[in-house]
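Student: here's a sequence, model it:
(one chain, ligands or ions: 1)
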Amino acid sequence: MANIAKIFASRAQGVLQAAARQPQVATRFSSSSTNNWEYIKTEVAGESKNVAVITLNRPKALNALCNGLMKELSTALQQFGKDQSISAIVLTGSEKAFAAGADIKEMVGNTYSQCIQGNFLNDWTEVARTQKPIIAAVNGYALGGGCELAMMCDIIYAGDKAKFGQPEIALGTIPGAGGTQRLTRVVGKTKAMEMCLTGNMIGAQEAEKLGLASKVVPADQLLGEAVKLGEKIGTHSNLIVQLCKEAVNTAYETTLQEGLKFERRTFHATFSTADRKEGMTAFAEKRPAKFTNE
Ligand SMILES: CCC/C=C/C(=O)SCCNC(=O)CCNC(=O)[C@H](O)C(C)(C)COP(=O)([O-])OP(=O)([O-])OC[C@H]1O[C@@H](n2cnc3c(N)ncnc32)[C@H](O)[C@@H]1OP(=O)([O-])[O-]
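Tutor: Presented below is the predicted three-dimensional model:
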């Protein structure tokens, strides 16, 4: 047990050291300057321009997640991840579709050996690896890989016409990017089993009731609400937000006792930061905190 506590303490310290090592002045990233995206759009939003918005932009195929799109998404996430001016990332699609799944036409000819040897879906892991908070703003269809992509994000906001589903079963396959795993952890076995075995979709209200979406808003207000959420998160210390995200995610990866130990050590580790000191001092002095992410 003492060893586990030590491992957690050193992991938490490692996160703090890695964050401290990141350059404090980063190159400004913007959609129009360096990147010519084919399948996505990127911009920065919010009053302080600290919320990145990545829009999936392949309307003809309802944002089907082809390899090119997933590569661009990974690149954009890495760039925003390094940009110290960005506090949170919003991932969205169109009003009709967040994403209608992996690109069926692209993978129709794949063979088992190609999947294995080409490490198929390797480009899909970047979203879940992103250290900054990432909010999925889902309008329309989030099906198959689209639903899985939303579930890789930290928070899902849904437009009132959103539809979530894992229809892979109807294509003679199964979810391959978390549909049987993340969905089951979120909605429980019986609902996940029903969705995965029937391919039936659920609407936004049901997704919220099940805890898959944290909020449902009118479709035309979705992006604005998601950006506001990113801005609210961005008022806090980016450093402490990163630690908090890691602690919540640990709940999905470990036992309760190990998770509680990790949380406790991470909480202790915040006492080595200037932002913890500033947050508590500002409260006592009845003034807003000025966080420096250190
Ligand atoms: C990653 C791990 C494993 C994941 C596996 C998966 O996600 S498997 C996938 C799980 N997902 C599914 O099984 C859902 C598949 N999609 C659908 O069932 C329907 O498109 C719909 C119900 C979402 C909308 O119906 P609607 O009548 O409103 O619209 P529409 O049907 O006319 O589509 C417009 C255009 O988009 C095209 N396109 C759409 N989706 C895909 C796609 N995934 N791929 C490629 N293309 C796609 C469609 O072919 C059409 O192009 P066309 O012919 O004009 O050149």
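Student: and the strands in this structure?
Tutor: Along the chain, counting by DSSP state E, strands occupy 40-45, 51-56, 88-92, 97-99, 134-138, 141-143, 155-159, 163-165, 202-203, 215-217.
Student: kindly report the residues of the stretch 151-294 of the chain close to the ligand.
Tutor: Within reach of the ligand by CB under 6 Å from any ligand atom, the stretch 151-294 of the chain has these residues: 167-168, 171, 175-177. C-beta here means a position set from N, CA and C on the backbone, and glycine is covered the same way.
Student: ok, now which ones touch the spatially most central residue of the chain?
Tutor: Centroid-nearest residue in the chain: Cys153, 2.1 Å away (criterion: CA atoms, centre = their mean). Cys153 makes contacts with 91, 127, 134-136, as judged by CB atoms under 8 Å, 6 or more residues apart in numbering.
Student: the ligand: which of those is nearest?
Tutor: Val127 (11.8 Å; CB to the nearest ligand atom).
Student: which of the residues of the stretch 151-294 of the chain next to the ligand are buried?
Tutor: With burial judged by 16 or more other CB atoms under 10 Å, the buried subset of those is 167-168, 175-177.
Student: any idea how many residues pack against Lys189?
Tutor: A count of neighbours around Lys189, defined by other CB atoms under 10 Å, yields 9.
Student: let me redo that: Thr281
Tutor: For Thr281, using other CB under 10 Å, the count is 11.
Student: you'd agree Leu229 is up against Tyr157?
Tutor: Yes. With contact defined as CB atoms under 8 Å, Leu229 counts as touching Tyr157 (6.8 Å).
Student: so for those two, which sits in the more crowded spot?
Tutor: Tyr157 (28 against 20).
Student: distance check, Lys161 against Pro133.
Tutor: Distance, Lys161 to Pro133, using CB to CB, to the nearest Å: 25 Å.
Student: of these two, who's got more company?
Tutor: Pro133 (23 against 17).
Student: report the contact partners of the more buried one.
Tutor: Residues near Pro133 by CB under 8 Å, 6+ apart: 87-89, 154-155, 230, 233, 241, 245.
Student: show me the shaky parts of the chain.
Tutor: 1-34 (pLDDT under 70).
Student: rerun at 90
Tutor: Applying pLDDT under 90 to the chain flags residues 1-35, 122-123, 125.
Student: domain assignment for it?
Tutor: Domains of the chain are assigned by the TED database as 40-235, 238-285.
Student: out of those domains, which one sits most buried?
Tutor: Mean neighbours per residue, mean count of other CB atoms under 10 Å, is largest over those for domain 40-235, with a mean of 19.
Student: how long is that domain end to end?
Tutor: 27 Å (CA to CA, to the nearest Å).
Student: name the nearest of the residues of the stretch 151-294 of the chain next to the ligand relative to Ala52.
Tutor: Nearest to Ala52 among those: Ala177, at 22.0 Å, using CB to CB.
Student: separation between the closest residue to Tyr141 other than its chain neighbours and Gly159?
Tutor: Once flanking residues are discounted, Tyr141 sits nearest to Ala97: 4.4 Å by CB to CB, 6 or more residues apart in numbering. The gap separating Ala97 from Gly159 is 11 Å, by CB to CB.
Student: give the residues shared as contacts by the two.
Tutor: With contacts taken as CB under 8 Å, 6+ apart, Ala97 and Gly159 have 139-140 as neighbours in common.
Student: for the residue in the stretch 151-294 of the chain that the ligand sits nearest to, grab phi and psi.
Tutor: Using CB to the nearest ligand atom, Gly176 is the residue of the stretch 151-294 of the chain that sits closest to the ligand, at 3.4 Å. Per-residue torsions, Gly176: phi -130, psi 0 (degrees, to the nearest 10).
Student: before we move on, the earlier item: can you tell me which two in the contacts of Cys153 are farthest apart?
Tutor: For these, the farthest-apart pair by CB to CB is Val127 and Ile135; their separation is 11.4 Å.
Student: which residues do these two both contact?
Tutor: 91, 153.
Student: quick one on the thing from earlier: any common contacting residues for Leu229 and Tyr157?
Tutor: Ile135.
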